[in-house]
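Engineer: What would the 3D arrangement of this be:
(one chain, ligands or ions: 3)
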Amino acid sequence: MLKKKQGILLVNLGTPDAPTPAAVKRYLAEFLHDYRVVDLSRWLWCPILHGIILNTRPKRVAAAYASIWTEQGSPLLAISQQQQKALQAKLKYDGYDIPVELAMTYGNPSMSAGLDALVAKGVEEIIVLPLYPQYSATTTGAVFDQLARVIAKRREFPAITFIRDYYQSESYIEALANSVREHWQEKGKGNRLLVSFHGIPQRYADNGDPYPEHCKATARALADKLELEDRQWICSFQSRFGKEEWIKPYTDVTLEQWAEEIERVDVICPAFSVDCLETLEEIQVENRDLFVEKGGQELSYIPALNDRPDHIEMMAELVRQKLNS
Ligand SMILES: C=CC1=C(C)c2cc3[nH]c(cc4nc(cc5[nH]c(cc1n2)c(C)c5CCC(=O)O)C(CCC(=O)O)=C4C)c(C)c3C=C
Ligand SMILES: [Fe+2]
Ligand SMILES: [Fe+2]
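Structural biologist: Ligands and ions are numbered 1, 2, ... in the order given. This next block holds a predicted model:
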């Protein structure tokens, strides 16, 4: 059988087009209407979302975005574009001259535009790589749904191969460990390492979302690779939203406790493929201030893997496995 022309679609969450209340409102409205993200009945959720959240949150969150915004735009988008270019170059260097496009589940560049760009380049089989190492229905599941919604409107669409997760990839754990070791070499080593992941509601985990197990396995593999003793690290969960209970232990509560016990903490956030609001603002500013306010001396944030060569090599490895299969 003749081999189909293949292409890659990298997918991340999405981010506002500008650090303004209007743009943040548009972004949150799309994101928070997704059942994968908030699964409450729309009779209950829509009045809360339209009546309270979309009237109050955009102003505060836009100010947070403004504090991390760069000349290239939102860090999440700008760094994802760097990853796209670096992966394209790496694959070409490895002998695979295939197109790599970037899409977001919410906002721009849209999934539809990403699909169009690949089809315009003659692609007949798309390998979709959601940039979430740990599977969750709220993120990876949402990528699948969004792709299905786009495809549902088309009569003709390419073959699709979907990479569901990669938290067990040896190269991913090695890249995380390299980034920690380099950070320690450059900035010195803290008393403990906090391995902080974005959280999800506890109810989602109770209903079968395997995300917490994937996070715990990631943190354990990283600690083993770094030869840390159990008392030197912990896995925690950040970015709570709403009044429901989320998976524990919470990052902010852990930092409050640690502030009374140790002087310096290093924090790494392995669920984020690129730095974004949740790392650059929530961890590096909000949680650092909290740690210092409660008596700690220094919170040292270890950047996301972003476009580090070992991260791009790991992505190329994931993709090559699919290209060759
Ligand atoms: C409402 C519930 C939310 C769930 C469930 C959730 C899961 C989840 N999110 C990420 C990754 C990211 N989330 C980001 C921002 C963000 N997340 C939520 C809510 C939920 N996330 C909101 C409302 C926001 C927007 C900011 C805010 O209003 O506080 C981001 C950053 C985007 C950026 O532009 O920089 C990322 C990345 C994961 C990995 C995850 C579950 C596994
Ligand atoms: Fe609504
Ligand atoms: Fe989130």
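Engineer: Tell me the residues of the stretch 201-325 of the chain that contact ligand 1?
Structural biologist: Within the stretch 201-325 of the chain, the residues that sit near ligand 1 (Cβ under 6 Å from any ligand atom) are 211, 239, 241, 271-272, 276-278. Just so you know, the C-beta spots here come from the backbone N, C-alpha and C atoms, and that holds for glycine as well.
Engineer: nearest to C46, of those?
Structural biologist: When these are compared for distance to C46 (Cβ to Cβ), F241 wins out at 16.4 Å.
Engineer: how near is the residue nearest to L305 when sequence neighbours are not counted to A78?
Structural biologist: In space, and not counting its chain neighbours, L305 is closest to H311: 3.7 Å by Cβ to Cβ, 6 or more residues apart in numbering. In this structure, H311 and A78 are separated by 16 Å, where distance is defined by Cβ to Cβ, to the nearest Å.
Engineer: neighbour count winner among the two?
Structural biologist: Using other Cβ atoms under 10 Å as the criterion, H311 and A78 rank with H311 on top: 23 against 16.
Engineer: Next one: that one relative to ligand 1, how far apart?
Structural biologist: From H311 across to ligand 1, the span is 16 Å (Cβ to the nearest ligand atom, to the nearest Å).
Engineer: For the remainder of this discussion, apply numbering that starts at 47.
Structural biologist: Yep, numbering from 47; the last one is H357 now.
Engineer: and that residue, backbone torsions?
Structural biologist: In terms of degrees, to the nearest 10, the main-chain angles of H357 are phi -70, psi -40.
Engineer: Of the residues of the stretch 247-371 of the chain next to ligand 1, keep whichever come out buried.
Structural biologist: Neighbour counting by 16 or more other Cβ atoms under 10 Å classes 257, 285, 317-318, 322-324 among those as buried.
Engineer: which residues in the stretch 97-246 of the chain form helices?
Structural biologist: 100-114, 121-139, 157-166, 186-197, 216-233 (DSSP state H, counting those that start in this stretch).
Engineer: Contact partners for the residue nearest the centre of the chain?
Structural biologist: Against the mean C-alpha coordinate of the chain, by Cα atoms, centre = their mean, the closest residue is F318 at 3.4 Å. For F318, the residues meeting the contact criterion (Cβ atoms under 8 Å, 6 or more residues apart in numbering) are 244, 324-325, 350.
Engineer: This structure: strands as residue ranges?
Structural biologist: 52-58, 146-150, 171-176, 205-208, 238-244, 279-284, 310-314, 344-348 (DSSP state E).
Engineer: Of the ones you listed, which is nearest S217?
Structural biologist: Comparison of these against S217 by Cβ to Cβ identifies strand 171-176 as nearest, at 13.8 Å.
Engineer: Does R210 touch V189 like I think?
Structural biologist: No - judged on Cβ atoms under 8 Å, R210 makes no contact with V189 at a distance of 9.8 Å.
Engineer: Looking at the two now, which is surrounded by more residues?
Structural biologist: In this view R210 and V189 are compared by other Cβ under 10 Å, and V189 has more residues nearby, 25 against 12.
Engineer: Distance-wise, check the closest residue to ligand 1 within the stretch 47-196 of the chain relative to E147.
Structural biologist: In the stretch 47-196 of the chain, the residue found nearest to ligand 1 is T61; the distance is 3.1 Å by Cβ to the nearest ligand atom. Computed with Cβ to Cβ, the distance linking T61 and E147 is 17 Å.
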